[in-house]
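Participant: A predicted structure for the sequence below; I have some questions about it.
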Amino acid sequence: MSETLSGKKVAFLLTDGFEDSELTSPWQAVTDAGASAVLVAPELGTLTGKNGHTQQVDIRAAEATSNNFDALVLPGGVVNADHLRMDADSVKLAHSFFEDHKPVGVICHGAWLLIEADVVRGRELTSYPSLKTDLVNAGANWVDEEVVVDSGLVSSRTPDDLPAFNAKLVEEIGEGEHEGQTP
């Protein structure tokens, strides 16, 4: 892959219980494109995915700001997403990427954090099917497609959608800030 994201810095926000491939595949895609990837979590230490992948946290969510990054990626996993949406610092960080018009990629259950951050109203996105009602109730237009792009917000349903998700994620990060990416 070319160095289309050279000089870009991408935050991956998650905690234990994440869907392994929803971290590792997009991480590989953005780093292959030349970006640096940073693991952000509520606490420092080593995180473990639901299938056993482990990775060291680089920075706590309380210490991270969207000013230090060009984009945010929210991997899924039921436990991961449920814990993140209850962490005020993670919610605040996610919201700040929308305030700063920066690209955000979300897959599977990761959209729960966006609901909590109150940034889905009026937006078109997809997710794991069980989140449809939650997203619609939060004001989103939910669609059942492998990847949806709405002004810098890239969303997908499951690990099966990762090739399409990764391609659109790299494209949106490469484009930079999006005027329509607002809370």
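Facilitator: Yep, it's here.
Participant: how about the nearest residue to Glu179, chain neighbours excluded?
Facilitator: Among residues not flanking Glu179 along the chain, His101 sits closest, at 6.2 Å (C-beta to C-beta, 6 or more residues apart in numbering). (Each C-beta comes from the backbone N, C-alpha and C, glycine too.)
Participant: In which helix or strand does the one you found reside?
Facilitator: Per DSSP states H and E: His101 is located in neither a helix nor a strand.
Participant: which residues sit in contact with it?
Facilitator: By C-beta atoms under 8 Å, 6 or more residues apart in numbering, His101 lies in contact with Gly152, Glu177, His178, Glu179, Gly180, Gln181, Thr182.
Participant: Surely Ser155 and Ser127 touch.
Facilitator: Yes: taking contacts as C-beta atoms under 8 Å, Ser155 lies within contact range of Ser127: 6.3 Å.
Participant: list residues touching both of these two?
Facilitator: Common neighbours of Ser155 and Ser127 (C-beta under 8 Å, 6+ apart) are Val106, Ile107, Ala111.
Participant: can you tell me which of these are in helices?
Facilitator: Of the shared contacts of Ser155 and Ser127, the ones assigned to helices by DSSP state H are Ala111.
Participant: Of the shared contacts of Ser155 and Ser127, which is the nearest to His53?
Facilitator: Nearest to His53, judged by C-beta to C-beta, of the shared contacts of Ser155 and Ser127 is Ile107 at 15.2 Å.
Participant: which residues does that closest one contact?
Facilitator: The contact partners of Ile107, by C-beta under 8 Å, 6+ apart, come to 19, 22, 26, 74-76, 127, 155-159, 161-162, 165.
Participant: hmm, 6 Å instead?
Facilitator: By C-beta atoms under 6 Å, 6 or more residues apart in numbering, the contact list for Ile107 reads Glu22, Gly76, Ser156, Phe165.
Participant: repeat for Lys50
Facilitator: With C-beta under 6 Å, 6+ apart, Lys50 has these contacts: Gly17, Gly77.
Participant: Could you give the backbone dihedrals for it?
Facilitator: phi -70, psi -20 (degrees, to the nearest 10).
Participant: where's Val40, which helix or strand?
Facilitator: Using DSSP H and E, Val40 falls within strand 36-41.
Participant: quick one: low-confidence parts of the protein?
Facilitator: 1-2 (pLDDT under 70).
Participant: mind listing the strands for it?
Facilitator: 9-13, 36-41, 46-48, 54-56, 59-60, 71-74, 104-107, 124-125, 141-142, 147-150, 153-156 (DSSP state E).
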